[in-house]
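Undergrad: turn this into a structure:
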Amino acid sequence: MNDSIDRARIVRANLEAISRGKPPAPETVGVWLKEFQKIPTERLDDLIRQARTEHAERVENGKGWGHITPDDVLRVFRRLRRKERAKGGGPPENPDCSYRCESGRVSVRDGEGYEYCVRCSCPAGEWWKSSPAYGKGPSVAECLAGGWERADEGGSMPDSHKEWITKRTAQVGAKTALDEYQRWTEQRAE
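TA: Okay, here's the model as predicted:
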């Protein structure tokens, strides 16, 4: 109960500050509180203040307008969480990996010659299971069992294309990345 009151006070005080002392409507405070359910109370005030500062800078530079919204605060929260996770380290290294993975990822080639970056079957690859892109996809063992082959170091695809596919796979998953790449190569061939 005390936590809810503290959260409401924090939101109310910040909304009052951005509206030059005018008290916010209870409905507005309620909406903000609902949007911030995942944010710990001890971080809420700092995140709102950071969002206010960033918003003021955008307005000053002509790239924003109006008051901050809950989305501005949530954007700051997501960005800081990503930074915190990145500091926490990446996947463990496995020098004895039988697939010779690089930080838990392995390149494989399907029957049509397209290369994918998939998570390894070793402990370093297990780390990637929490990733939205690699967690849903198959492991290297599953790919090899399905008839795919391990991609050679010098493969038939330019390194810049491999890098693009690897980065895009991390964002949208292996299948979507390959579909986008395939459409792009078909358009170039026309």
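Undergrad: per-domain residue ranges of this structure.
TA: With domains defined by automatic domain parsing, the chain comprises 2-87, 105-189.
Undergrad: mind checking the SS state of residue 39?
TA: When classified by DSSP: H, G, I helix; E, B strand; the rest coil, residue 39 comes out as coil.
Undergrad: residue 76 is in contact with that one, correct?
TA: No - Residue 39 is beyond contact range of residue 76, at 9.8 Å (criterion: CB atoms under 8 Å). Bear in mind the C-beta positions are built from the backbone N, C-alpha and C, glycine included.
Undergrad: circling back to that earlier point, turn the domains of the chain into CSV, including mean pLDDT.
TA: Listed next are the domains of the chain as CSV, based on pLDDT from 0 to 100:
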stretch, mean pLDDT
domain 2-87, 87
domain 105-189, 81
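Undergrad: need the winner for burial among those domains.
TA: Counting by mean count of other CB atoms under 10 Å, domain 105-189 has the highest mean neighbour count of the domains of the chain, with a mean of 16.
Undergrad: thinking again about what came up before, for residue 96, which of the domains of the chain is the nearest?
TA: domain 105-189 (8.3 Å; CB to CB).
Undergrad: distance to residue 99 for the domains of the chain - can I get that in JSON lines?
TA: Listed next are the domains of the chain as JSON lines, based on distance: least, CB to CB, whole Å:
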{"stretch": "domain 2-87", "distance to residue 99": "25"}
{"stretch": "domain 105-189", "distance to residue 99": "5"}
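Undergrad: residues touching residue 134, list them.
TA: By CB atoms under 8 Å, 6 or more residues apart in numbering, residue 134 lies in contact with 105, 118-119, 128, 169-170.
Undergrad: which residues in the protein form strands?
TA: 105-109, 115-119, 149-150 (DSSP state E).
Undergrad: still on that earlier bit, find residues that contact each of residue 39 and residue 76.
TA: Listed as contacting both residue 39 and residue 76 by CB under 8 Å, 6+ apart are residue 47.
Undergrad: how near is residue 151 to residue 102?
TA: 12 Å (CB to CB, to the nearest Å).
Undergrad: now for the closest residue to residue 170 other than its chain neighbours: which residues touch it?
TA: The spatially closest residue to residue 170, leaving aside those adjacent along the chain, is residue 133, at 5.1 Å (CB to CB, 6 or more residues apart in numbering). Applying CB under 8 Å, 6+ apart, we find residue 133 in contact with 169-174.
Undergrad: which pair of those residues spans the longest distance?
TA: With CB to CB as the measure, no two of the contacts of residue 133 lie farther apart than 171 and 174, at 10.9 Å.
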